[in-house]
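K.L.:
Fold the following for me, if possible:
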Amino acid sequence: MNNSTPTTSWFSRLLASTDKAYAHQWFFTAACLHAILVIPLTISARYGYGPTILLMPTGHAFEMLFGLAPALIAGYLLGPMPARRLIWFVGFWLLARIADLIAPFSWLMLLCNALFVLLLAQRLLPRLWAAKKWRNRSLVPLIGLICALTVIIILAGQFDAHLLHRYLIDESVQLFALLMLFIGGRMLAPAAAGEFYRQGKELTARVQPRLEGSLILIITAAYLLAPIAASLSGLLLISSGLIAGIRLSRWQLWHCRARPDLLCLGLGYGWLALGLILLGWSKWEGGLYFSTAAHAITVGALGTLATNVIVRVTLLHIKQYPSRITLIVTMTSYMTLAAITRMAADFSGNRELLLAIAALAWSLAFLFALYIVLKGLTTPRPRRPAKTTTA
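P.N.:
Numbering: from 1, shown residues only. Alright, predicted model coming up:
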C-alpha cells in the first residue's frame, strides 16, 4: 500500500530527476519574493509587527546584501544543472533566510548560510578561474570574498563583536558595487553595440578594458585602505565613481532612445557612479550621511540593475525581446522613486512617510519583475528548427 502523499511523491521525483533546470528561473523567483517581502517586514518591525532582527540597521543590511544579492548572483551565474542538484542550492538559501529572521546569529543560521555559500563558491569559482584575462579572473577573489564574509559577519555577531560586525557590512557595499560595475558593463556594452549596428553605426567604446581594469584596481585599493586610511579610501571611491560615469557616457545611450531596456540598464549604472561618489564623499567626511550614500547603491543601483537583469535574462531565455516590454519602464520608475524617497528620508521631517513610500515602490518594482518571471515559466522555450539535409 502506498502511503506517500502527492507532495512527497513530487518531491521524490524531483530529487531523482536528471532533467536540466535553469538556475535563473528558481533563484530569480526566490529573489523577487524575498525583495517584495523583506522591506515591508522591515517597516513593520519598526512598529512591533516584524522580525526584531530587522530593527537593527545591520540586520536589515545583512539580509539585503548577503541574502538578496547572493540569490541574484546564483541566478545569473549558475546556469543550467540537474534539478536534484539545484534544489540543494535553493533549499539552503531559503533555510538561511528563514533562520536569519527567526533565529539571528544562531548556529542554525551560520550553518545554512555557510552551506549555501560553500556550494555557490564550489560551483562558480573553478569555472570563473578558467578565464584567460585577469579582469575576468578578478571575479574569483571578489565572489570568494563575498562568500567568506557571509560566514565571518555572522560569527562576529555571534561573539558580540558589534563594531567589527558593523564595519564588515558597511565596507562590503563597495564590493557589491564592484560586482555590479563588472556585470552591468558586460551586459550594457554588447547590447549598446548591437543597437548601434542595427542603426548602421559603430560603437567603438565597448567593454573599455582600461577603464574596467582601473575600476577593479581602484575599488580594491579603496577596500583595502579603508581600515587604515579612510580619507584616502574615500578619494579613491570618488575617482572610481567619476570613471564609471565616463565609461557610461562613452556608450552614448542617448542614441538608443528606441531601446527603453538599455536606457533603464544605463540608469542603474548611473546610480552606481553616483553612489560611489557619494560613498567616497561620506568616507572623506568621516562617515557623514553614510546610510544615504549606501542606499544610492543598494536601492538605486542594486534595485534598478537587479530588476532589469531579471527581466532581461528571463525574456531572452524564451526568445523574446526586452525592448518590446513597456513594463520595464514602469518597473524602473518605481525603483527610481524608491531610491529618491529613501535617500530624501534622511533629510526630511516626514521620514516615516518617505520610508513607507520607498518600501512600497521597491516592492512594486520587484512585483512587476516577478510577474514577468512567472509568465516566463509558463511560456515554452522555442526549440531550434531541425536541420534538413538535401540529397
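K.L.:
what's the single longest helix in this structure?
P.N.:
The single longest helix within the chain, with elements called by DSSP state H, is helix 162-198.
K.L.:
Which elements pack onto the helix or strand following that helix?
P.N.:
Using DSSP states H and E, the helix or strand that follows helix 162-198 towards the C-terminus is helix 209-225. Packing partners of helix 209-225 (3 or more C-beta pairs under 8 Å, 6 or more residues apart in numbering; DSSP states H and E): helix 134-137, helix 162-198, helix 230-249. Just so you know, the C-beta spots here come from the backbone N, C-alpha and C atoms, and that holds for glycine as well.
K.L.:
Can you read off the backbone torsions of residue 22?
P.N.:
phi -100, psi 120 (degrees, to the nearest 10).
K.L.:
Now do the same for it: its pLDDT.
P.N.:
Looking at residue 22, its pLDDT reads 95.
K.L.:
ok, now the one 5 residues further on?
P.N.:
pLDDT recorded at residue 27 is 97.
K.L.:
Identify the spatial nearest neighbour of it, chain neighbours not counted.
P.N.:
Spatially, and ignoring its direct neighbours in sequence, residue 27 is nearest to residue 75 (3.3 Å; C-beta to C-beta, 6 or more residues apart in numbering).
K.L.:
Pop the domain breakdown of this structure in here.
P.N.:
18-160, 161-375 (automatic domain parsing).
K.L.:
and those as CSV, adding distance to residue 381 and mean neighbour count?
P.N.:
Shown next, in CSV, are the domains of the chain (distance: least, C-beta to C-beta, whole Å; neighbours: other C-beta atoms under 10 Å):
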stretch, distance to residue 381, mean neighbour count
domain 18-160, 9, 18
domain 161-375, 5, 19
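K.L.:
Redo the ones you listed as a markdown table? Include distance to residue 382.
P.N.:
Formatted as a markdown table, the domains of the chain follow (distance: least, C-beta to C-beta, whole Å):
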| stretch | distance to residue 382 |
| --- | --- |
| domain 18-160 | 15 |
| domain 161-375 | 5 |
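K.L.:
so which helix or strand takes in residue 228?
P.N.:
Assigned by DSSP H and E, residue 228 belongs to no helix or strand.
K.L.:
actually residue 48, sorry about that
P.N.:
Using DSSP H and E, residue 48 falls outside every helix and strand.
K.L.:
ok, residues contacting stretch 153-168?
P.N.:
By C-beta atoms under 8 Å, 6 or more residues apart in numbering, the list of residues contacting stretch 153-168 from outside reads 58, 62, 66, 104-105, 107, 109-110, 113, 149, 152, 169, 172, 227.
K.L.:
what bits of the stretch 201-350 of the chain have low per-residue confidence?
P.N.:
Within the stretch 201-350 of the chain, no range satisfies pLDDT under 70.
K.L.:
give me that answer again for 90
P.N.:
For the stretch 201-350 of the chain, the stretches with pLDDT under 90 are 205, 258, 318-326.
K.L.:
For the residue nearest to residue 80 when sequence neighbours are not counted, list each beta-bridge partner.
P.N.:
Ranked by C-beta to C-beta, 6+ apart and with sequence neighbours excluded, the top spatial neighbour of residue 80 is residue 20, at 4.8 Å. Beta-bridge partners recorded for residue 20 (DSSP bridges): residue 82.
K.L.:
if we can go back for a sec, give me every residue that touches the residue nearest to residue 27.
P.N.:
Contacts of residue 75 by C-beta under 8 Å, 6+ apart are 23-24, 26-28, 31, 310, 313.
K.L.:
Which of those residues fall in helices?
P.N.:
Counted as lying in helices by DSSP H, out of those, are 23-24, 26-28, 31, 310, 313.
K.L.:
Show me which of these is closest to residue 221.
P.N.:
residue 31 (30.6 Å; C-beta to C-beta).
K.L.:
Do I have it right that the closest one meets residue 306?
P.N.:
Yes. Contact criterion C-beta atoms under 8 Å: residue 31 and residue 306 qualify, at 7.3 Å.
K.L.:
okay, and the common contacts of these two?
P.N.:
With C-beta under 8 Å, 6+ apart, residue 31 and residue 306 have common neighbours 68, 72.
K.L.:
How about residue 190, nearest residue that isn't a chain neighbour?
P.N.:
That would be residue 206: by C-beta to C-beta, 6+ apart, it lies 6.9 Å from residue 190.
K.L.:
Now that neighbour. Its backbone dihedrals?
P.N.:
phi -110, psi -100.
K.L.:
Same check on residue 200?
P.N.:
Main-chain torsions, residue 200, degrees, to the nearest 10: phi 80, psi 20.
K.L.:
For residue 176, see how far away it is.
P.N.:
38 Å (C-beta to C-beta, to the nearest Å).
K.L.:
for residue 196, same thing?
P.N.:
Distance of residue 196 to residue 176, given as C-beta to C-beta: 30 Å.
K.L.:
try residue 64
P.N.:
Residue 64 is 10 Å from residue 176, by C-beta to C-beta.
K.L.:
list the residues that contact both of those two?
P.N.:
Contacts common to residue 64 and residue 176, judged by C-beta under 8 Å, 6+ apart, are 298, 302.
K.L.:
what's the residue nearest to residue 313 when sequence neighbours are not counted in contact with, if anything?
P.N.:
Spatial nearest neighbour of residue 313, excluding adjacent residues (C-beta to C-beta, 6+ apart): residue 24 at 5.2 Å. Contacts for residue 24 (C-beta under 8 Å, 6+ apart) come out as 75-76, 78, 310, 313-314, 317.
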